[in-house]
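>>> Starting from these lines, generate the structure:
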Amino acid sequence: MACCFRVISLLLLLSCCTLADPLEDAARILARKIASRLAPTETIQIRERNLSSASIADIARARQIIERTLRKPARPVTSLPVVLTLSENAREFVLVAEMTKSEDKIVEIATFVRTHDSNPRPAPVLERRLLFVHERQILDIKASDGQMLVLDPTELASYSLENGTWKKSKSQPVPALPRDPRGRLILEGSNLTVHLPGKMCSGTFTTDIVLDCTQPAAMFPLNGLQVQWTESRNTMQSGTLPEAYSAASINGAFLTAKQDSRIHHYSPVQKQLATWDDWGSDFVTMESCPGRILATSAKAQESIQLFEIRNEKPVAAGASLDFNGPIVAFWPLPSGAVAIVKNTDTPTYAAYQIQLDCGR
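A predicted model of the protein is given here:
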């Protein structure tokens, strides 16, 4: 009889272990972290965002668990909006809760390990397509439906595709730029904005370019952050993060490429976690590959590679892609990036569209 009792007890124990739910555990941990940030009269209102390969039902379940775990105050006075994000890397899923209290941004994180997958995802594949070759340095470029805008240090020009060749149509001058020029072009429908160090140009693009460059510098979105060019320099600034060549938010933490030629990894509260020097000064994050970063190489910036951050350090997540010269500008696209390369064989600059298949 005692033997049977021990066997039954063991089976019950194994059953409990088998039924353990990593998502539920992570959601409860995150709920406790959120609760520690709330005053007795505060409650939250959650908005979901799924940037992972998990189903919408998973992020909805995480929200429900958090809401059940948090005790509602008897007389709530304040309701704080919380953005709940589910992202991932090759090893684990990441739940991130973001909220603002008294103008302070609060970020809390909980992770849970992927279950075994008998059909693992293939390694990500990087592909490139030549968009345009220019005799002057290209700062940024937009191409769609036979139309193209090219920003260089002297002008913003439009091109039309005629018999397989780009023909220049219109152009507008831009203000004088620093010795090492940088610029960002944003096109939303027919509305365009050109962000330059110390200046911003706004206008429209239909058949012609209309541009007003009398406005002061302003913030623009980049890699999950709001950034602004530093006046008269080739660096950018974002909130209280240090001045840098590139910056990004990933899984609630931050990355910056500072002027000491090192990448700096910061916690959600901007405590430095680690540094490394095997990346170049440009990197991007992409909507199609949450939790991953596409970075240039430290050696002359002539290649790019996909990385993940594990244990606060970068780990390669795919093969590198080489170019015929250094990458002088690097901008994110929803499913890839745009790389501007200074050709070593000819005195020209080439713009490439980088396409990334994350194996989903």
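
>>> for this structure, where's the lowest mean pLDDT among helices and strands?
The helix or strand of the chain with the lowest confidence, counting by mean pLDDT, DSSP states H and E, is helix 2-18 at a mean of 43.

>>> what's downstream of that helix, the next helix or strand?
helix 22-35 (DSSP states H and E).

>>> tell me which strands and helices that following helix is in contact with?
Here helix 22-35 is seen to pack against helix 56-69, strand 92-101, strand 104-113 when contacts are counted using 3 or more C-beta pairs under 8 Å, 6 or more residues apart in numbering; DSSP states H and E. Placement of C-beta: from N, CA and C, glycine included.

>>> next SSE after it?
Per DSSP H and E, the first helix or strand lying C-terminal to helix 22-35 is strand 42-50.

>>> In that next one, which residues are buried?
Residues of strand 42-50 classed as buried by neighbour count (16 or more other C-beta atoms under 10 Å): E42, T43, I44, I46, N50.

>>> Would you tell me which one of the helices and strands packed on helix 22-35 is buried the most?
Mean neighbours per residue, mean count of other C-beta atoms under 10 Å, is largest over those for strand 92-101, with a mean of 20.

>>> what's the angle from it to helix 22-35?
Angle, strand 92-101 to helix 22-35, by axes from the mean of the first three to the mean of the last three C-alpha atoms, to 10 degrees: 20 degrees.

>>> Mind listing the residues bridging to E155?
Beta-bridge partners for E155, by DSSP bridges, are P173.

>>> Just give me the neighbour total for it.
15 (other C-beta atoms under 10 Å).

>>> Next, the contact list for it, please.
E155 makes contacts with S171, Q172, P173, V174, as judged by C-beta atoms under 8 Å, 6 or more residues apart in numbering.

>>> hmm, back to that, kindly indicate which of the buried residues of strand 42-50 lies nearest F112.
N50 (14.8 Å; C-beta to C-beta).

>>> Could you dump the helices and strands packed on helix 22-35 into TSV and include mean pLDDT and distance to I327?
TSV is the format used below for the helices and strands packed on helix 22-35 (pLDDT from 0 to 100; distance: least, C-beta to C-beta, whole Å):
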stretch	mean pLDDT	distance to I327
helix 56-69	86	35
strand 92-101	90	28
strand 104-113	90	30
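
>>> For the spatially closest residue to L192 that is not a sequence neighbour, give me its contacts.
Nearest residue to L192, sequence neighbours excluded (C-beta to C-beta, 6 or more residues apart in numbering): F205, at 5.0 Å. By C-beta under 8 Å, 6+ apart, F205 lies in contact with L149, S158, L187, S190, L192.

>>> so the third one sits right up against Q147, yeah?
No: contact between L187 and Q147 fails when scored by C-beta atoms under 8 Å: they sit 9.8 Å apart.

>>> roughly how far apart are the residue nearest to L192 and A143?
13 Å (C-beta to C-beta, to the nearest Å).

>>> shared neighbours, these two?
L149.

>>> If we ignore the residues flanking it in sequence, what's nearest L51?
That would be P290: by C-beta to C-beta, 6+ apart, it lies 3.7 Å from L51.

>>> that's a strand at the one you found, yeah?
No: judged by DSSP: H, G, I helix; E, B strand; the rest coil, P290 forms no part of a strand; its state is coil.

>>> mind checking how far it is from Q45?
From P290 over to Q45 the distance is 23 Å, taken as C-beta to C-beta.

>>> now swap in N251 and tell me
23 Å.

>>> same check, this time on W276
Separation of W276 from Q45 (C-beta to C-beta): 38 Å.

>>> Verify the contact between P175 and P197 for me.
No: P175 is beyond contact range of P197, at 9.3 Å (criterion: C-beta under 8 Å).

>>> Which one's more surrounded, these two?
Neighbour totals were compared for P175 and P197, and P197 leads with 21 against 14 (other C-beta under 10 Å).

>>> Kindly give the local confidence score, pLDDT, for that one.
Turning to P197, the model gives it a pLDDT of 95.

>>> ok, for it, nearest residue in space, not its chain neighbours?
For P197, the closest residue by C-beta to C-beta, 6+ apart turns out to be W229, at 4.2 Å.

>>> And for D357?
Of all residues beyond its chain neighbours, the one nearest D357 is V125 (4.6 Å), with distances taken as C-beta to C-beta, 6+ apart.

>>> F323 versus the one you found, what's the distance?
Per C-beta to C-beta, V125 is found 17 Å from F323.

>>> more neighbours, those two?
Neighbours per residue, other C-beta under 10 Å: of V125 and F323, the larger number sits with F323, 22 against 14.

>>> who are the neighbours in contact with the more buried one?
E302, S303, I304, A339, V341, Y352.

>>> Going by neighbour count, which of those comes out on top?
Result: I304 is most packed of these (other C-beta under 10 Å), 29 neighbours.

>>> Helix, strand, or coil at it?
Applying three-state DSSP: I304 is strand.

>>> Would you mind giving the domain segments of the protein?
Domain segmentation of the chain under automatic domain parsing yields 21-113, 125-357.

>>> Which of those has the lowest mean pLDDT?
The bottom spot among the domains of the chain, by mean pLDDT, belongs to domain 21-113, with a mean of 86.

>>> Can you get me the start-to-end distance on that domain?
By C-alpha to C-alpha, to the nearest Å, the extent of domain 21-113 from end to end equals 10 Å.
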